[in-house]
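*Asks:* I would like the atomic coordinates for the input below:
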Amino acid sequence: MSGPGKPIHPATVHFPISFLALSYGLDAAYFARPNLPSALTSLLPVDSDLTRASYYLLALGLITTVPAVVSGGQQAIALFSRQGIYEADGKTVKVKSKAVIAHAVVNDVVLALGTWIWWTKRSAAADSLASSVAGEKLGATLTGAAAYAPTNVQVLVGVLTLGLLFFGASIGGSLTYLYGVGFAPGGKTKPSEKAL
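*Replies:* Sure thing, here's the model as predicted:
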């Protein structure tokens with residue numbers, strides 16, 4: 001899937017980063033809306049659109065994470081098989097290898113937390129739909145905002161996940177632009193490697 005001169009992984013990460021960041025940002029905007037000035041709230045969509053967009057952006061973010069994870073795993077395996085994980089002494093882990101491992105671990109945590117947020121929102125929406133169907137029989141209605149509205153815990157986890165997402169992306173950017181990982185077989189070590 002990826003090879004010399006074909007940076008598949010760096011090309012695939014922009015979609016999940018964008019979709020996930022927008023989703024968590026919309027959840028934060030929904031949570032903060034009551035405390036924002038009316039000049040800002042008038043620019044935001046209505047709550048039902050805001051919460052629904054956040055839910056579907058989160059789903060898109062998780063779906064587009066699949067090619068990023070697969071291509072990143074392939075690239076890491078190729079890197080380790082060509083250059084090894086350890087320095088010449090056989091004991092010290094290379095700085096580049098540490099960065100690859102940290103990048104993978106941080107993004108796995110981001111994926112796990114994002115999946116949890118999506119699953120809990122999905123479950124709440126399913127419960128709301130069931131309530132809505134039962135409510136219609138009794139003449140009640142349910143607003144669209146309630147179906148996808150994030151809980152305070154989901155918003156907090158989303159904001160923390162957003163920070164981790166950007167941290168993992170920063171490590172990935174260092175791997176790509178400082179070490180050349182993804183642009184050459186295994187990435188070439190640059191003099192700046194000692195800086196990290």
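*Asks:* Which element, helix or strand, includes the nearest residue to A76 once chain neighbours are set aside?
*Replies:* Closest residue to A76 apart from its sequence neighbours, by C-beta to C-beta, 6 or more residues apart in numbering: V100 at 5.2 Å. For glycine as for every other residue, the C-beta is placed from the backbone atoms N, C-alpha and C. Under the criterion DSSP states H and E, the helix or strand holding V100 is helix 95-137.
*Asks:* From the contact counts, what lies against that helix?
*Replies:* Helix 95-137 is packed against helix 47-83, helix 144-148, helix 152-177, with contacts defined by 3 or more C-beta pairs under 8 Å, 6 or more residues apart in numbering; DSSP states H and E.
*Asks:* The ones you listed: lowest mean pLDDT?
*Replies:* Among the helices and strands packed on helix 95-137, helix 144-148 carries the lowest mean pLDDT, at a mean of 69.
*Asks:* before we move on, the earlier item: and the helices and strands packed on helix 95-137 as a markdown table, adding mean neighbour count?
*Replies:* Below are the helices and strands packed on helix 95-137 laid out as a markdown table (neighbours: other C-beta atoms under 10 Å):
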| stretch | mean neighbour count |
| --- | --- |
| helix 47-83 | 18 |
| helix 144-148 | 18 |
| helix 152-177 | 18 |
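*Asks:* and of those, who's closest to N35?
*Replies:* helix 152-177 (13.0 Å; C-beta to C-beta).
*Asks:* Quick check: F15 vs P34, distance?
*Replies:* Separation of F15 from P34 (C-beta to C-beta, to the nearest Å) stands at 32 Å.
*Asks:* More neighbours: which of these two?
*Replies:* F15 (16 against 7; other C-beta atoms under 10 Å).
*Asks:* Please consider this matter closed, and thank you.
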